[in-house]
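> A predicted structure for the sequence below; I have some questions about it.
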Amino acid sequence: MSDVWVNGHKTDTVSVLDRGFSYGDGIFTTIKVKRGQCLLLTQHLVRLQHGITTLAITQIDFKLLLDDLTNKARQLDDGVLKVIITRGIGQRGYSSVGCESPTIVISTGSLPAIYQEWQQQGIAVGISTIALGINPLTAGIKHLNRLEQVLVKQQIDQNQWLDAIVLDCQACVIETSMANLFWRTGDKVFTPSLDFSGVNGLMRQQVIDHLTAKGVSVSQDRFKLSSVMDADEVFMTNCLMGITPINMIESKAFTLGETAKDLIKVLTDKGCI
């Protein structure tokens, strides 16, 4: 059972006039808590600040948020903290004039136990036929407009997949329904550019930074699905599941490669996973 706080008060109720409810006008981040510590907390706060700035939401007190998350993590011990920041209550219509009091929602939850099994054994995924739209204004941001992902998840559930690779409307690979995507061919690693669609995940950046520091070539571009299907190794990343190998895409099998195994070890040792 989750605990929820809205603007510091323990409640699971927000106003129906809140723009997060009306328009998806806000951002969020999901933080893994391990032994009472928020992993990658600085990066999560930077992500929230970037989203607030991009969407021109009124600034919040990040020192207060930092203290609140730190205290809640200690009490939670192990699990998940989710932070949602909306523009707050506004007038009827799309105009944001007068919206100067953002709504901050913090909730706790448990980490899905299946993630550890996925990390060790890999997972099979499908290929979604639900295409993501292209919008460079909001690309990369973890905003509250998740209708595309809802439709993708419906297809995943209908097909009884664990997850699915998602393309944009120009048939370029972007991500999975819940994670960023990487693949290795030979000694080169590839990941989709997120300049037009998708979420720029924090674990994605950890992987890119580590591989680059090791001298591994990481190419970010607009790739077609064939590039993934021809790979030697495929894996996906997010802050909760860490590094998860993909062992099958539809009917094609992939081996659990050394790149993913090395990343799991190194990023766990660094306290990122």
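Arrived safely, thanks for sending. Keep in mind it's a predicted model, so treat the numbers as computed, not measured.
> count of neighbours near residue 217?
Counted with other C-beta atoms under 10 Å, the neighbours of residue 217 add up to 11. For glycine as for every other residue, the C-beta is placed from the backbone atoms N, C-alpha and C.
> OK, contacts around it?
With contact taken as C-beta atoms under 8 Å, 6 or more residues apart in numbering, residue 217 is in contact with 187-189.
> mind running it again at 6 Å?
By C-beta atoms under 6 Å, 6 or more residues apart in numbering, the contact list for residue 217 reads residue 188.
> same deal with residue 191?
Counting by C-beta under 6 Å, 6+ apart, the residues that residue 191 touches are 182, 220.
> now do residue 30
Counting by C-beta under 6 Å, 6+ apart, residue 30 makes contact with residue 82.
> just say helix, strand or coil for it.
strand (DSSP: H, G, I helix; E, B strand; the rest coil).
> now do the one 3 residues further on
Following three-state DSSP, residue 33 is assigned to strand.
> hmm, residue 238 is touching residue 203, no?
Yes: counting by C-beta atoms under 6 Å, residue 203 is a contact partner of residue 238 at 5.5 Å.
> ok, those two, which is more surrounded?
Each of residue 238 and residue 203 has its neighbours counted (other C-beta under 10 Å); residue 203 has more, 25 against 21.
> assumed that one was part of a strand.
No: secondary structure assignment (three-state DSSP) places residue 203 in helix, not in a strand.
> look up how far residue 8 lies from it.
As defined by C-beta to C-beta, to the nearest Å, residue 203 lies at a distance of 29 Å from residue 8.
> now do residue 190
Computed with C-beta to C-beta, the distance linking residue 190 and residue 8 is 44 Å.
> same thing with residue 31?
18 Å.
> do the same with residue 188
Separation of residue 188 from residue 8 (C-beta to C-beta) stands at 48 Å.
> neighbour-wise, which of those two wins?
Set side by side, residue 188 and residue 8 show more neighbours around residue 188, with 13 against 10, by other C-beta under 10 Å.
> quick one: that one from residue 246, how far?
With distances taken as C-beta to C-beta, residue 188 is found 17 Å from residue 246.
> and what of residue 108?
From residue 108 to residue 246 the distance is 29 Å (C-beta to C-beta).
> what's the answer for residue 19, then?
The gap separating residue 19 from residue 246 is 37 Å, by C-beta to C-beta.
> who's more crowded, the two?
Applying other C-beta under 10 Å to residue 19 and residue 246 shows that residue 246 carries more neighbours, namely 28 against 23.
> can you tell me the SS state at the more buried one?
Using three-state DSSP, the secondary structure recorded for residue 246 is strand.
> who are the neighbours in contact with it?
Taking C-beta under 6 Å, 6+ apart, one finds 125, 234-235 in contact with residue 246.
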